[in-house]
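> no sequence on this one, just coordinates:
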């Protein structure tokens with residue numbers, strides 16, 4: 001074993017003390033690892049610990065430095081969490097907003113390609129999350145296949161998310177839990193998604209129905225396609241509505257999941273189109289409840305969905321969701 005490897009082994013044992021190994025131990029039970037083995041160890045550890053911890057390994061030894069650098073090149077997922085007064089980038093916490101931006105930039109600059117982006121923001125002020133998203137928009141190391149968004153406060157919309165969608169439209173296959181207004185602003189005819197999930201809470205707790213209708217119309221006119229469509233709101237949508245039926249038809253939706261607290265208000269239409277949308281083959285109607293209930297309120301609207309989507313009659317489920 002080379003001197004370089006011995007030094008690396010000794011340095012690592014000091015950084016990560018073990019009850020089963022001592023740097024002074026000798027004898028038949030001592031195992032000497034070569035450079036490749038230590039490189040693999042450093043890469044594995046760096047890939048599984050928070051960002052700051054991984055960077056600390058770079059100071060141990062040149063073997064560790066190169067291994068950690070190589071590990072960052074293989075990073076494909078960027079995880080961003082923004083809270084009031086603190087941020088978490090790749091599971092590393094900081095209270096300094098500029099440090100958060102620099103951490104996100106470091107991950108992107110040292111990665112070959114970032115393919116998965118997870119964003120969670122729980123801050124009434126959107127300044128920090130917008131600064132971080134600015135870095136993502138400008139980066140040349142972003143080729144997203146999956147975009148996952150979660151938010152805590154209603155009434156918050158991020159146009160930067162729409163910019164990220166447009167910049168990655170050719171590669172995106174999954175978009176979940178974005179706001180309906182963000183989708184309306186970012187969708188284009190280059191999008192061909194396997195999964196698309198959106199919610200109405202970006203428009204507030206009690207959004208104007210006309211606002212939702214306008215955004216759905218923009219999504220439909222964008223030319224985007226998505227096979228699995230999930231929509232979360234307070235009262236779902238009216239399946240007999242012509243615009244909703246056109247949206248599901250033009251966007252080639254095959255699986256539909258509606259999550260809501262109350263059944264949608266369905267306007268009586270004695271002559272609404274029956275069996276018009278035939279591309280939808282599976283429907284899930286999910287009621288949000290405080291605790292499991294025997295009776296599902298959504299059963300009252302089941303027959304409307306059966307009539308509007310005849311090919312989903314045998315694959316229509318009524319479910320409940322609770323915390």
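Ah, there it is. If you're wondering where the values come from, they're calculated on a predicted model, not measured in any experiment.

> which residues in the stretch 201-323 of the chain form helices?
209-222, 242-250, 302-308 (DSSP state H, counting those that start in this stretch).

> how about these in CSV, adding mean pLDDT, distance to residue 78 and mean neighbour count?
Any C-beta I mention is one placed from the backbone N, CA and C, and that applies to glycine too. Formatted as CSV, the helices of the stretch 201-323 of the chain follow (pLDDT from 0 to 100; distance: least, C-beta to C-beta, whole Å; neighbours: other C-beta atoms under 10 Å):
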stretch, mean pLDDT, distance to residue 78, mean neighbour count
helix 209-222, 96, 26, 17
helix 242-250, 94, 31, 17
helix 302-308, 92, 38, 17
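
> Mind putting the ones you listed into TSV with distance to residue 114?
Formatted as TSV, these follow (distance: least, C-beta to C-beta, whole Å):
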stretch	distance to residue 114
helix 209-222	25
helix 242-250	31
helix 302-308	39
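
> Compute the number of surrounding residues for residue 278.
11 (other C-beta atoms under 10 Å).

> Can you check the pLDDT for it?
As predicted, residue 278 sits at a pLDDT of 93.

> Might one say that it is in contact with residue 308?
No - with contact defined as C-beta atoms under 8 Å, residue 278 does not reach residue 308; the gap is 10.1 Å.

> quick one: terminal-to-terminal distance for stretch 85-93?
11 Å (C-alpha to C-alpha, to the nearest Å).

> Over to stretch 105-121?
18 Å.

> in stretch 103-121, what's buried?
Buried residues in stretch 103-121, counting neighbours by 16 or more other C-beta atoms under 10 Å, are found at 103-108, 111, 113-115, 117, 119-121.

> Could you list which of those residues belong to strands?
Secondary structure from DSSP state E places 114-115, 117, 119-121 of the buried residues of stretch 103-121 in strands.

> any chance of those in JSON lines, plus pLDDT and distance to residue 254?
Listed next are those as JSON lines, based on pLDDT from 0 to 100; distance: C-beta to C-beta, whole Å:
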{"residue": "114", "pLDDT": "96", "distance to residue 254": "29"}
{"residue": "115", "pLDDT": "98", "distance to residue 254": "24"}
{"residue": "117", "pLDDT": "98", "distance to residue 254": "25"}
{"residue": "119", "pLDDT": "98", "distance to residue 254": "27"}
{"residue": "120", "pLDDT": "97", "distance to residue 254": "29"}
{"residue": "121", "pLDDT": "96", "distance to residue 254": "31"}
